[in-house]
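J.: give me a 3D structure for the following:
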Amino acid sequence: MSRTIVFTGGGSAGHVTGNLVLIPKCAQENWKIHYIGSEQGIERKLISDLKNVTYHPISTGKLRRYFSWNNVTDIFKVIRGIMQSFRLIRNIKPDVIFAKGGFVSVPVVIGAKLNRVPIIIHEPDLNVGLANKLTLPFSNIMTTTFQETAHKYEKQNAVYVGAILKEGFLSNNIRSLSSYTFASEKPVLLIMGGSQGAQRINAMVTKVLPELLERFYVIHICGKGKIEHSAAIKGYHCYEFVNDELPDLLALADIVVSRAGSSSIMELLTLQKPMLLIPHTNGGNRSGQLAQAQYFQQAGFADILLEEEMTEPNFLAAIEQLYENRINYRNAMKTYKHGGGADSIMDLIRVVSGQHMNKLLKDRF
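T.: Numbering: from 1, shown residues only. Predicted coordinates:
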């Protein structure tokens, strides 16, 4: 009998990419797949090209930890989103909901709870985000990327699964260095600012690019609409945003400069890429980035450069130090034990949806 699943999550690419890994796995098992997301968010753009997924836009409001009059008006948007989600889920009749986080997941999870549909939420960060704090009481299971997060919320049915990684990150089918018109005499530096870009990192790269190019070939992912170099520069490749090419670019990189979003740093850890992390540090998931960067630094996986300390000399010195110590970072990352990630979540989806509930009960009782 065919099963039906509803995915949700959005607001940033990090709240969508995990779903993009799980959706093909569900398609291979002939699940009917629906996605509930925002009307204008990045999730709609990323999901719209998938032929086997039905997308349903709903009204959403942004969750803020600070005072803003928009919080008042957004309450009504969230209430409307809950009503829309309730009706959608009642009509779709899914066997399970999987929520990857972000503000759009809140009305969907509440709508699913009102319809008594089993719910799995995923927390990618070391510290649980606001959206998942709100949806955790309604969920059956919270899966986590970090073991420490699962331990902290063990009494609330948190389960450690590890990072949800794209199949391409574990594949050997990587294009050669020559595909990017690079020669082999210089190491490759990859600079990532996240799907929305990082203005301060981009500005710093612009200032020190001549110095960087003396030492490295530079690949720069700068964010949509933020390419500042109109002319081709030898040894420098700039992208607004990459999706399918990202495994290739990561494979090429000798060292990486990145924000400290969970999806990015777990991919870098899996591929054992030495990283200089420049985390967001103010508010919400931004303070969570600082905690994750500190966690990686303490484990010997990465080094940190805070934005308030990011002068031109400090930026160049930190990159040079990272490259000189790259072997130490790689050795430390080899000791990390990864969870089952996507495959573990698929097992839980089957169990929670009732496919293997009898086996679960037999194993436990």
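J.: what does the longest helix along the chain contact?
T.: Using DSSP state H, we find that the single longest helix of the chain is helix 70-92. With contacts defined as CB atoms under 8 Å, 6 or more residues apart in numbering, helix 70-92 is touched by 4, 6, 34, 36, 56, 58-62, 64, 97, 104, 106-108, 110-112, 114-115, 117. No exception for glycine: its C-beta is placed from N, CA and C like everyone else's.
J.: what's the next secondary structure element after it?
T.: strand 96-99 (DSSP states H and E).
J.: one step back: which of the contacts of helix 70-92 fall within strands?
T.: Cross-referencing the contacts of helix 70-92 against strands under DSSP state E gives 4, 6, 34, 36, 56, 58, 97.
J.: save these as CSV, and put in pLDDT, neighbour count and distance to residue 320 too.
T.: Shown next, in CSV, are the ones in strands among the contacts of helix 70-92 (pLDDT from 0 to 100; neighbours: other CB atoms under 10 Å; distance: CB to CB, whole Å):
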residue, pLDDT, neighbour count, distance to residue 320
4, 97, 16, 53
6, 98, 27, 48
34, 98, 20, 49
36, 97, 31, 47
56, 97, 18, 49
58, 95, 23, 48
97, 98, 33, 47
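J.: just the buried residues of the longest helix of the chain, please?
T.: 74, 77-78, 81-86, 88-89, 92 (16 or more other CB atoms under 10 Å).
J.: same check on stretch 242-257?
T.: Using 16+ other CB under 10 Å as the test for burial, stretch 242-257 gives 245-257.
J.: and for stretch 301-313?
T.: 301-305.
J.: closest to residue 340 out of those?
T.: residue 301 (20.2 Å; CB to CB).
J.: where do the helices of the stretch 251-365 of the chain begin and end?
T.: 262-270, 285-298, 312-324, 326-334, 342-352, 357-364 (DSSP state H, counting those that start in this stretch).
J.: closest to residue 30 out of the ones you listed?
T.: Going by CB to CB, the one of these nearest residue 30 is helix 342-352, 12.7 Å.
J.: if we can go back for a sec, dump the buried residues of helix 70-92 to a markdown table, plus distance to residue 138 and pLDDT.
T.: Listed next are these as a markdown table, based on distance: CB to CB, whole Å; pLDDT from 0 to 100:
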| residue | distance to residue 138 | pLDDT |
| --- | --- | --- |
| 74 | 19 | 74 |
| 77 | 19 | 88 |
| 78 | 14 | 88 |
| 81 | 14 | 94 |
| 82 | 11 | 96 |
| 83 | 16 | 97 |
| 84 | 17 | 97 |
| 85 | 12 | 97 |
| 86 | 13 | 98 |
| 88 | 16 | 98 |
| 89 | 13 | 98 |
| 92 | 18 | 97 |
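J.: and residue 201, what does it touch?
T.: By CB under 8 Å, 6+ apart, the residues touching residue 201 are 191, 193, 257, 259, 278.
J.: nearest residue to the second one in space, please, no chain neighbours.
T.: Once its chain neighbours are removed from consideration, residue 193 has its nearest residue in residue 201; the separation is 4.9 Å (CB to CB, 6 or more residues apart in numbering).
J.: that neighbour belongs to a helix?
T.: Yes: assessed with DSSP: H, G, I helix; E, B strand; the rest coil, residue 201 lies in a helix.
J.: state the distance from it to residue 233.
T.: 17 Å (CB to CB, to the nearest Å).
J.: try residue 52
T.: To residue 233, residue 52 is 41 Å away according to CB to CB.
J.: for residue 343, the count of nearby residues, please.
T.: 13 (other CB atoms under 10 Å).
J.: just the one 3 residues further on next, same as before
T.: Burial measure for residue 346: 19 neighbouring residues, criterion other CB under 10 Å.
J.: any idea how far residue 308 is from it?
T.: The gap separating residue 346 from residue 308 is 42 Å, by CB to CB.
J.: mind giving me the domain ranges of the chain?
T.: Using automatic domain parsing, the domain ranges for the chain come out as 4-162+339-364, 169-334.
J.: any idea which of the ones you listed is most buried?
T.: For these, the largest average neighbour count (mean count of other CB atoms under 10 Å) is found in domain 4-162+339-364, namely a mean of 19.
J.: how far off centre is that one?
T.: Averaging C-alpha positions (CA atoms, centre = their mean, to the nearest Å) puts domain 4-162+339-364 14 Å from its chain's average.
J.: please apply the same query to stretch 256-275.
T.: 11 Å.
J.: widest-spaced pair of the ones in strands among the contacts of helix 70-92?
T.: 4 and 58 (17.7 Å).
J.: hmm, back to that, could you tell me the least trusted of the domains of the chain?
T.: Ranked by mean pLDDT, the domains of the chain end with domain 169-334 at the bottom, a mean of 84.
J.: surely residue 291 meets residue 127?
T.: Yes: if you go by CB atoms under 8 Å, residue 291 and residue 127 touch, sitting 5.5 Å apart.
J.: ok, residue 20 - contacts?
T.: 46-47, 166.
J.: show me the residues you listed that map onto helices.
T.: Going by DSSP H, the helices hold 46-47 from those.
J.: using a markdown table, lay out the contacts of residue 20 together with distance to residue 211.
T.: Below are the contacts of residue 20 laid out as a markdown table (distance: CB to CB, whole Å):
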| residue | distance to residue 211 |
| --- | --- |
| 46 | 35 |
| 47 | 41 |
| 166 | 33 |
